[in-house]
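[1] Below is the sequence, then the predicted model.
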2 protein chains.
Amino acid sequence: MQKRKSTQRDREKKRMAKVVAKKIAVSAVSSDFEVGDEAVKMFNVKTSSSSSLPCPLLMFSPTARGSYPILLFFHGFALKPIWYKSLLQHISSHGYIIVAPEFSPLSSQSQEVKNAGKVADWLTYNNLESVLPDKVLPDLLKVAVSGHSRGGKIAFALALGYGGSSSSSSTTPLKFLALLGIDPVAGFSPSCLCPPNILQYVPYDFDQSIPVAVIGAGLSNQRAYGVLPPGAPNGVNHAEFFNESKPPCYYFLAKDYGHTDILDDKIADLISIVLKSGKGSKDSLRRAVGGIVVAFLKAYLEGQVDDLNAIVESPTLAPITLDPVISVKD
Amino acid sequence: MQKRKSTQRDREKKRMAKVVAKKIAVSAVSSDFEVGDEAVKMFNVKTSSSSSLPCPLLMFSPTARGSYPILLFFHGFALKPIWYKSLLQHISSHGYIIVAPEFSPLSSQSQEVKNAGKVADWLTYNNLESVLPDKVLPDLLKVAVSGHSRGGKIAFALALGYGGSSSSSSTTPLKFLALLGIDPVAGFSPSCLCPPNILQYVPYDFDQSIPVAVIGAGLSNQRAYGVLPPGAPNGVNHAEFFNESKPPCYYFLAKDYGHTDILDDKIADLISIVLKSGKGSKDSLRRAVGGIVVAFLKAYLEGQVDDLNAIVESPTLAPITLDPVISVKD
C-alpha cells in the first residue's frame, strides 16, 4: 500500500508540475501580448551621398546594453513606417531592433524589392551598429524579414531571392531565419499581379527554406460600403501567401478586423473611410499581432518555441478572435 | 558470439523482408496505373416518370458476382460522361461501380448540385441494385464522390452539404467516405464565382470531415495561343480547392497536362483547339489519374493505404510527372 500511495503522490506531483508549467507558459505568452520590459528608442536614419542606403529608415531599438536580434519591416502601399509606431514599438520592447525602410509612394514593386535588397546589404556591412544607441549591438546572425500589405509581398520577394545584391562584390549576403507576412497583398486579382510575380497558384510552391508566419485580416477581402475595392482581394491575399509557403508555416486569421486596422488609431480611422474596418478595439488587434510576431521571433530566432506553441494550441490566449490558427509542420 | 550472429541474421532477414515488402507495394501500386482485372459493363440508366432520378446516368460496373464500392462522378461543363469512358472504365475495372449523371448543359450550378443530391438520394433508396448486372451488389456503406472541372466543384458542394435531400422524408442520407476533385473549377475568377459559393479564401475552411484528394492539371491555368480564356483560372482552380480542404488531404499536380486532357483522345484533341493541352501521351495521364483515384479509394473506402502511401512517397511510380505531390495529415 505504501508503494501505491507513493505512486499516487508522484502522479499528483506530476499533474501539479504540468499545471504549473502550463500556467507559466500561459503567463509567458500573455506577456507577449503586452508591451515588453525594454525601454525603446525610436529614431530616423537618413540617406546621404556617402551611404549605400537607398531610402530613409525608421528604427526602433532597445536602449539597454546588449546584443539584439533584428526585424526588417516593410510598410504597405502609400503608407509610412511611423504609422505602425504602436505595433513596432510593442515588438521592439520585447528585445528586437526594428529596421523599417520608408519607400517612395512612386516606387514600383520591383524597385521596392531592389531597394529592400539594398537595405539588407546595408545591414550586412555592419552599418547598423553606428546608428544604434550606445552599447547596443545588432545580432546579424538573427535576422527576420516582415511586412504589411504590399510590404508583406516585398518581404516574401526578398526572402525568395528577388532582391538580389546591390553590390556585385557582396560576399556576405544577409541570411534571414524567419519570414512574416501581415495581411500581405500581391496585386489586384490573380489575373492582374504586379511584378515581380511570386505567386504561382500551386500549393507549397515557394522555394523558401525558412519558417513562415502569415497573419491575415478576415475583413480585408470585403468592400467598404459594399462597393469600394477591397484592401486585400481574394486570390492575392494572406491565404494565397500561406498556401504557397512550404512547411514549417503558420497561419493566423484576425477574423473580425480589416486590412489597415493594425495602423495607429488616427490613421487607421482615417483609412477606414475607404477600406473596410473592424468594430473591435484596434489596440487589441495590435497587441495580438505584436504578440504573435514576438512569439514567432522567439521561436525561430532564439529557439524558444513555448509561446508560439501555446498560441497554436490555445488561440483564445490572444486578446482577439484568431480563427483559424493553422500550423503545418515539416 | 552466437547471439550476435543470430542478431545479424535477424537484421538481414528484416532488411530483406522490408525490400520484399517495398517491391510488393511498388508492384501493387503499378497495377493501379494499369486497367484492372474485373470485366466491366457500361450501360445507361434513363429517367422515367416513375423514377425519382433527375437525369440519365452512365454506369460502369464489374460483372463478376460480388459487392462493390461506389464512385459518384460528375462531368465538366458542357461535357458528357461518355467522353470520360477510358478513365471511368479504368477505375471500374479495379472493382468499383461508377455512377455518372449526365446534366443538361443548360443547368445552372445550383441546379446541378440539387440534381446531384437527388441522384445521391436515388442511390440511398436502393434503386441501384435493380439496374446492376446479375449478382452484382452495391455496397452503400462505401461511397465516394468525385468530379472533373465544374463537376469537381459539384462534388465538393455535394459533400459539403449543399445538395440537400430531394425528399423531405429522407431518413437515410447517403454518407460519403471520400471526396475527389479532378481539376475542379469554381468560376471565372475569385471575384466572379458561380453560386453555390463554396470558396471562402481561408485555408482549411471547408467544413468537411472526410478525406480529400485533388488532382490538378499544371497547364489548366494557361491560355491556348496565349489569348483564349484558361480552362481553370488561378484562384478558382485545383490549388484553391486543396487549400480550403481540411486534413487529411492530398494534392497531385499533373504538371505537363491541360484541363481536358483526361477525356478520351478524340474529344480531348477536339477541345485542344480552344483549351491549352499537354504534349505528352493522354493515355499516360488517364492511367496516372485512374491509378491515383484507385489508390485513394482503396485507402479510404477499403482501408488499404499502401498504394496511396507508395505514390505519396515515390511520385515517380506514376506514368507521368506528378509535381508536387502533397499529403497533409490530420
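    Everything's here; your move.
[2] How far does the helix or strand residue A:44 falls within sit from its chain's centre?
    With secondary structure defined by DSSP states H and E, residue A:44 is part of strand A:40-45. Remark: strand A:40-45 is offset 19 Å from the chain centroid, using C-alpha atoms, centre = their mean, to the nearest Å.
[3] ok, and for that strand, which residues are buried?
    Neighbour-count burial for strand A:40-45 flags A:40, A:42, A:45 (criterion: 16 or more other C-beta atoms under 10 Å in any protein chain shown). Using the backbone N, CA and C atoms, a C-beta is placed for each residue, glycine as well.
[4] List every C-alpha atom in it, with coordinates, as CSV.
    Output of strand A:40-45 as CSV, limited to C-alpha atoms (Å, rounded to 0.1, in the frame of the first residue of the first chain):
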residue,chain,number,x,y,z
VAL,A,40,12.7,51.6,-26.7
LYS,A,41,14.3,54.4,-28.6
MET,A,42,12.7,55.4,-31.9
PHE,A,43,14.8,57.3,-34.4
ASN,A,44,15.4,58.1,-38.1
VAL,A,45,18.3,57.2,-40.3
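[5] Among the buried residues of strand A:40-45, which one sits closest to chain B?
    Taking C-beta to the nearest C-beta as the measure, chain B lies nearest residue A:40 of those, at 33.9 Å.
[6] so who does the residue nearest to the closest one when sequence neighbours are not counted touch?
    Spatial nearest neighbour of residue A:40, chain neighbours left out: residue A:92 (4.6 Å); criterion: C-beta to C-beta, 6 or more residues apart in numbering or on different chains. Contact analysis of residue A:92 by C-beta atoms under 8 Å, 6 or more residues apart in numbering or on different chains lists A:38, A:40, A:60, A:61, A:62, A:98.
[7] show me what contacts residue A:304?
    The contact partners of residue A:304, by C-beta under 8 Å, 6+ apart, come to residue A:298.
[8] Shouldn't it be within a strand?
    No - under DSSP: H, G, I helix; E, B strand; the rest coil, residue A:304 sits outside any strand and is assigned coil.
[9] And it, how close does it get to chain B?
    For residue A:304, the distance to chain B equals 26 Å [C-beta to the nearest C-beta, to the nearest Å].
[10] hmm, back to that, closest one to residue B:118 out of the contacts of residue A:92, please.
    residue A:98 (59.2 Å; C-beta to C-beta).
[11] For that closest one, which three-state class applies?
    strand.
[12] what about it, how many residues close to it?
    24 (other C-beta atoms under 10 Å in any protein chain shown).
[13] Do I have it right that residue A:235 meets residue B:239?
    No - using C-beta atoms under 8 Å, residue A:235 is not in contact with residue B:239, being 10.1 Å away.
[14] Now the closest residue to chain B within chain A. Nearest residue, chain neighbours left out?
    Going by C-beta to the nearest C-beta, chain B is nearest to residue A:235 of chain A, at 3.1 Å. In this structure, residue A:235 finds its nearest non-sequential neighbour in residue B:235, 3.1 Å apart by C-beta to C-beta, 6+ apart.
[15] Confirm that that neighbour sits in a strand.
    No - read with three-state DSSP, residue B:235 is coil and lies in no strand.
[16] How far does the strand or helix carrying residue A:88 sit from its chain's centre?
    If you go by DSSP H and E, residue A:88 is part of helix A:85-92. Computed by C-alpha atoms, centre = their mean, the chain-centroid distance of helix A:85-92 equals 11 Å.
[17] between it and strand A:40-45, how big is the angle?
    Angle between the axes of helix A:85-92 and strand A:40-45 is 120 degrees (criterion: axes from the mean of the first three to the mean of the last three C-alpha atoms, to 10 degrees).
[18] now helix A:85-92: mean pLDDT?
    With pLDDT averaged residue by residue, helix A:85-92 scores 98.
[19] now do stretch A:193-206
    95.
[20] before we move on, the earlier item: export the contacts of residue A:92 as TSV, with columns for distance to residue A:69.
    Compiled in TSV, those are given as follows (distance: C-beta to C-beta, whole Å):
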residue	distance to residue A:69
A:38	12
A:40	14
A:60	13
A:61	11
A:62	10
A:98	10
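[21] how about those in a markdown table, adding pLDDT?
    Shown next, in a markdown table, are these (pLDDT from 0 to 100):
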| residue | pLDDT |
| --- | --- |
| A:38 | 97 |
| A:40 | 98 |
| A:60 | 98 |
| A:61 | 98 |
| A:62 | 98 |
| A:98 | 98 |
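[22] ok, those vs residue B:141, which is closest?
    Looking at those and their distance to residue B:141, the nearest is residue A:98, at 58.2 Å (C-beta to C-beta).
[23] Who is that closest one paired with across the strands?
    Counting by DSSP bridges, residue A:98 forms beta bridges with residue A:60, residue A:71.
[24] so what's it up against?
    Here residue A:98 is in contact with A:59, A:60, A:61, A:70, A:71, A:73, A:88, A:91, A:92 (C-beta under 8 Å, 6+ apart).
[25] Show me which residues of the stretch 101-250 of chain A sit near chain B.
    Residues of the stretch 101-250 of chain A lying near chain B by C-beta under 8 Å from any C-beta of the partner chain: A:189-191, A:199, A:201-205, A:216, A:218, A:221, A:233-237, A:239-240, A:242-243.
[26] rerun that using 10 Å as the cut-off
    Residues of the stretch 101-250 of chain A lying near chain B by C-beta under 10 Å from any C-beta of the partner chain: A:188-193, A:199-205, A:214, A:216, A:218, A:221, A:229-230, A:232-240, A:242-244, A:246-247, A:249.
[27] And those residues, which of them are buried?
    Counted by 16+ other C-beta under 10 Å, these give A:189-191, A:193, A:199, A:201-205, A:214, A:216, A:218, A:221, A:230, A:232-240, A:242-244, A:246, A:249 as buried.
[28] Any buried residues in stretch A:135-143, and which?
    A:136, A:138, A:140, A:142, A:143.
[29] That should have said stretch A:309-317, apologies.
    A:310, A:311, A:312, A:315, A:317.
[30] got a list of contacts for it?
    Applying C-beta atoms under 10 Å, 6 or more residues apart in numbering or on different chains, the contact partners of stretch A:309-317 are A:22, A:25-30, A:32-33, A:250-253, A:288, A:291-292, A:295-296, A:299, A:305, A:307, A:318, A:321-327.
[31] Please enumerate the helices of chain A.
    A:2-32, A:85-92, A:109-124, A:128-131, A:150-159, A:238-243, A:265-271, A:282-302, A:306-313 (DSSP state H).
[32] could you dump those helices to TSV with distance to residue B:160?
    As requested, those are exported to TSV (distance: least, C-beta to C-beta, whole Å):
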stretch	distance to residue B:160
helix A:2-32	34
helix A:85-92	37
helix A:109-124	36
helix A:128-131	51
helix A:150-159	30
helix A:238-243	18
helix A:265-271	35
helix A:282-302	30
helix A:306-313	26
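[33] Of all those helices, which one comes closest to residue B:159?
    Across the helices of chain A, closest to residue B:159 is helix A:238-243 (C-beta to C-beta), at 20.4 Å.
[34] That closest one packs against which elements?
    helix A:150-159, strand A:178-182, strand A:212-217, strand A:249-254, helix B:238-243 (3 or more C-beta pairs under 10 Å, 6 or more residues apart in numbering or on different chains; DSSP states H and E).
[35] Including distance to residue B:52 and mean pLDDT, could the ones you listed go into TSV?
    TSV is the format used below for the helices and strands packed on helix A:238-243 (distance: least, C-beta to C-beta, whole Å; pLDDT from 0 to 100):
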stretch	distance to residue B:52	mean pLDDT
helix A:150-159	52	97
strand A:178-182	50	98
strand A:212-217	44	98
strand A:249-254	42	98
helix B:238-243	30	98
